[in-house]
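Chemist: Any chance you can model this:
(2 chains)
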Protein chains: 2
Amino acid sequence: MRSDIDALMQTKNIDALMIFGNAEHNPPMYYFTGGGHVSHATLIKKRGSEPVLFHGDMERDEATKSGLKCVSYSQYDYGAMLKEANNDLLLASAVRYQSMLKDVGIASGRVGVYGTYDISAIFGVLTHLQKLMPKVEFIGEPREDSILMRAMETKDEFEVARIRKMGQVTTTVVGKVRDLLVSSNVRDDEVLMKEDGTPLTVGDVHSKIRLWVSELGAELPSGFIFAQGRDAGVPHSGGNPSDLLKLGQTIVFDIYPAEAGGGYYYDFTRTWSLGYATPEAQQVFDQVKEIYDTLMDNFDLNTPFKHYQNMTCEYFESKGHKTLLNTRSPVEGYVHSLGHGVGLNIHERPFSGATVGDDQRLKSGVVITSEPGLYYPEKGMGFRIEDTLWVRPDGGIEKLAEFSYDFVLPMKKWKKT
Amino acid sequence: MRSDIDALMQTKNIDALMIFGNAEHNPPMYYFTGGGHVSHATLIKKRGSEPVLFHGDMERDEATKSGLKCVSYSQYDYGAMLKEANNDLLLASAVRYQSMLKDVGIASGRVGVYGTYDISAIFGVLTHLQKLMPKVEFIGEPREDSILMRAMETKDEFEVARIRKMGQVTTTVVGKVRDLLVSSNVRDDEVLMKEDGTPLTVGDVHSKIRLWVSELGAELPSGFIFAQGRDAGVPHSGGNPSDLLKLGQTIVFDIYPAEAGGGYYYDFTRTWSLGYATPEAQQVFDQVKEIYDTLMDNFDLNTPFKHYQNMTCEYFESKGHKTLLNTRSPVEGYVHSLGHGVGLNIHERPFSGATVGDDQRLKSGVVITSEPGLYYPEKGMGFRIEDTLWVRPDGGIEKLAEFSYDFVLPMKKWKKT
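Modeler: You can find the predicted model right below:
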């Protein structure tokens, strides 16, 4: 949680955080500012002190809305610095950052750098800044293990409420997509048709998903997946827009909207087969659902997340599928890990891969996904079930939005003959 | 243009480009891949050779769609590297990057680093990589002056066609917003009303804008501005959602949608006053329109862009307004520079500020904005007119979408008494 930041800085021996970039679509900055139309900003937080937000003059109103202490870049005479630096933009920026650090009381120590932003410019500036400030050590942290990712790992009730609200948006959109599909006309060759007599394409469904998410005031900053057949069998294939929708094919619908402006995410997947399922697909689906349910019964407070990845691999291997347990980089079977934390990042701590530390646990306050799946691209099939879960302070595991797990969706205007 | 990259690398003495991050919403990566659902990728381009895209196994299909030479990360035994590095994630990543660079033939020389991505992790990895490869110098470039920004500065006809299409989307949405406003009912106190009898808010208009942009298959990755009164007088204020819309107030509507997935932008602004304008507002608007028109008549092939910034400042100062010409960081008057290039970045070369180089010219193939404005927040007024312009190979200056410049929008259901 946010309140853990000073303690985490202490543990990692970091004297200040320096965050670069925009307030939106930049989780480290958003975590402090709460978003807003503030671009090319810099936030500096000394350990034990309140953060200071440096921003352009034109964005002073938006910056002030953050409630943080704000300082305009115009307080620094960049023109003079640029002249002094013989028009070396990176050096002049470094000189300005040196002044900003000095003004918040940083002249030595270890400074962690963060933000989703232009790597080239910041790397160039930091190279200069390191030379200008030899008593400061600028530090990059691994994404999975940074102070900010560790703070973000556990959520307070306000954050959970926002994620829950995105769960509502998500299931509303998924319900609309299901209604669109099941109420479609079906041609003799089992292709879904639109009202206008042309086939319904995967691209048509993609457009509707974008529209409905937008109507509900949310965004799809990391895209989404609505993929059928072979594409459903490749976990991160978005789906081919020109494909026609056909009965009896598996559809993987993985949708992860976020609050507008780069806020909190929800993550959710269902697998469908329209009209009917092939016996083979039904059997594989049932296995995914069985382990999904077993996991829900077994998730337990403070257990390492990877324990459940292992449980899932063992179950799938017992059913004859390849998994990461005994196969390196399988392209069929269970080819990914079980889940991840969800928050301002679509993927954040805790992670569930076999190589992550035992400290990535189902701690009180984490919000995670559980998403077992099986993939057979060459057979034209893929399956995944996913919900977003909150580990409550009382140790209960709460699904943050409800939606039916039905695999076969009966078509309203079609009957199996 | 893309075809200039090798020559630009030669000029800057850069032996390879290394681009980090996702294919979407990451202009340097998008420039090579054309977007697509490829995340946490790395692209390495040696000078004189084709680029190579390194990607996760699960995204192999999406990576292949780029048409680039693709290599899966799974070709490298990261598990063994991590073990060797005592679980130091940054060091293990650096070791993998060392192998990747070696495999594309880079063992020494100058390597430029790029991408909009997690600064912390990449800075940490590059710190290790620099030690592992002392014969390589890793280089960060200033955003405005990087090889990629210089290549992107001039557009080919396919890029211009895509920007023009976004211009069509933009003016369609702006037309719908205008229609919504002028057909609203007006209460006795000159507040606009919705059909349901409640006031129309700025937030209602924001929602409609998001919806209509989405319906047309575009995105608003950098937000937009629809702001009234004092907010219109602060150039980057997005607008206060709870404000009611009132007659006779200036509205600045600045909208810059991009192709879905982080593609090409368009940039456009109109200023409106509903029903009527105050005489003072009309006078200031007329000045903005006059310099806008003068600029359109004067833009000329190969002239430095800042020449027109100067022309605009001189005109506005002659009318008694403060500008950057003689005031440092003014908060009223003409407070910004004239325009900027538009492409995969909403702001890119050429820039028009007084401190930029003479090489930022109206070269053949650039796409720029012209956006003079005047701001008086304390008087509750702001004004800006903006279009996106293409400098054609024949030297002509072509506006990429047409839309009326009318300031006062007559209300259909209201008449001035």
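Chemist: Against chain B, how distant is A:Gly56?
Modeler: A:Gly56 is 8 Å from chain B, where distance means CB to the nearest CB, to the nearest Å. C-betas here are computed from N, CA, C, even on glycine.
Chemist: Now do the contacts for that residue.
Modeler: A:Ser39, A:His40, A:Ala41, A:Ser72, A:Tyr73, A:Ser74, B:His236 (CB atoms under 8 Å, 6 or more residues apart in numbering or on different chains).
Chemist: got a list of what the most centrally placed residue in chain A touches?
Modeler: By CA atoms, centre = their mean, chain A has its centre lying nearest to A:Ile346, at 0.6 Å. Under the criterion of CB under 8 Å, 6+ apart, the contact partners of A:Ile346 comprise A:Ser222, A:Tyr256, A:Ala258, A:Tyr265, A:Asp267.
Chemist: and it, which of the three is it?
Modeler: In three-state terms, and counting by DSSP: H, G, I helix; E, B strand; the rest coil, A:Ile346 is coil.
Chemist: What pLDDT is listed against it?
Modeler: A:Ile346 is assigned 95 on the pLDDT scale.
Chemist: And for A:His321?
Modeler: 98.
Chemist: The residue nearest to the centre of chain A and A:Thr116: what is the separation?
Modeler: From A:Ile346 across to A:Thr116, the span is 12 Å (CB to CB, to the nearest Å).
Chemist: Give me the subset of the contacts of A:Ile346 that also touch chain B.
Modeler: A:Ser222 (CB under 8 Å from any CB of the partner chain).
Chemist: Chain B contacts on the stretch 151-300 of chain A?
Modeler: When proximity is defined by CB under 8 Å from any CB, the stretch 151-300 of chain A lies next to chain B at A:207, A:210-211, A:213-215, A:217, A:221-223, A:225, A:231, A:234-238, A:260-261.
Chemist: Outline the domain layout of chain A.
Modeler: A:2-150, A:153-409 (automatic domain parsing).
Chemist: Include distance to B:Arg187 when you put the ones you listed into CSV, please.
Modeler: Below are the domains of chain A laid out as CSV (distance: least, CB to CB, whole Å):
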stretch, distance to B:Arg187
domain A:2-150, 27
domain A:153-409, 26
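Chemist: nearest to B:Val252, of those?
Modeler: With CB to CB as the measure, domain A:2-150 is the member of those nearest B:Val252 (12.4 Å).
Chemist: Now the terminal residues of the closest one, how far apart.
Modeler: 10 Å (CA to CA, to the nearest Å).
Chemist: Give me the phi and psi for the residue nearest to the centre of chain A.
Modeler: phi -70, psi -30 (degrees, to the nearest 10).
Chemist: any idea how far it is from A:Ala258?
Modeler: 8 Å.
Chemist: what do these two both touch?
Modeler: A:Ser222, A:Tyr265.
Chemist: Number of residues surrounding the nearest residue to A:Phe285 once chain neighbours are set aside?
Modeler: Once flanking residues are discounted, A:Phe285 sits nearest to A:Phe407: 4.7 Å by CB to CB, 6 or more residues apart in numbering or on different chains. Around A:Phe407 there are 21 other residues, counting by other CB atoms under 10 Å in any protein chain shown.
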